[in-house]
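S.K.: Just a sequence and a predicted model for now, questions to come.
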Amino acid sequence: MKLTTIYLGENKVDILNSFLGKETIKVNDEIVSTKYSFLGTEHHFKLTENSEEVDCLIVTGFGQQGIALDFYKNGKPIIETPKNGCLVFFSIVFVVIITIDVLDRILG
């Protein structure tokens, strides 16, 4: 399934993910990186922009709204997604579940 498409001048970068955790990065419909990941990973690749080779990095993971990704071109951020909040949410849910269990054992 396609997560998103990023247009950079003449280049089109597609970010895809399968249900089995296979992440694929395509530049102009050519695969430039493929990795398996369930919690996120880093994809390093190059693309040509204005007749120059550009180093790119896409970092995937989880954030406040679900899947998060960062895109860097020559070390400079192009897209950055907030990643905190998801851990805080799961931590709060965990504490609430433990508290309910403890109260149930004490009062039950």
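M.R.: Perfect, thanks for sending it.

S.K.: Following the longest strand along the chain in sequence, what is the next regular element?
M.R.: For the chain, the longest strand by residue count, based on DSSP state E, is strand 52-63. Later in the chain than strand 52-63, the nearest helix or strand by DSSP states H and E is strand 66-73.

S.K.: Who is the residue nearest the centre of the chain paired with across the strands?
M.R.: In the chain, the residue lying closest to the centroid (Cα atoms, centre = their mean) is T60, at 2.2 Å. Beta bridges link T60 to L69, judged by DSSP bridges.

S.K.: Next up, the contacts around it.
M.R.: Residues near T60 by Cβ atoms under 8 Å, 6 or more residues apart in numbering: I15, N17, E23, S37, G40, T41, E42, H43, I67, A68, L69. (C-beta placed from N, C-alpha, C; glycine too.)

S.K.: where do the helices sit along the chain?
M.R.: For the chain, the helices defined by DSSP state H occupy 86-107.

S.K.: quick one: low-confidence parts of it?
M.R.: 64, 83-91, 108 (pLDDT under 70).

S.K.: change it to 90
M.R.: Scanning the chain with the threshold set as pLDDT under 90 gives 1-3, 9, 18-21, 37-40, 50, 61-69, 80-108.

S.K.: Give me the neighbour count for A68.
M.R.: A68 has 20 neighbouring residues, counting by other Cβ atoms under 10 Å.

S.K.: Revised request: answer the last question for V93.
M.R.: 10.

S.K.: any idea how far S18 is from it?
M.R.: V93 sits 27 Å away from S18, going by Cβ to Cβ, to the nearest Å.

S.K.: Quick one: residues contacting the nearest residue to I67 once chain neighbours are set aside.
M.R.: Among residues not flanking I67 along the chain, L3 sits closest, at 6.2 Å (Cβ to Cβ, 6 or more residues apart in numbering). Applying Cβ under 8 Å, 6+ apart to L3 gives the contacts I15, L16, N17, I67, L69.
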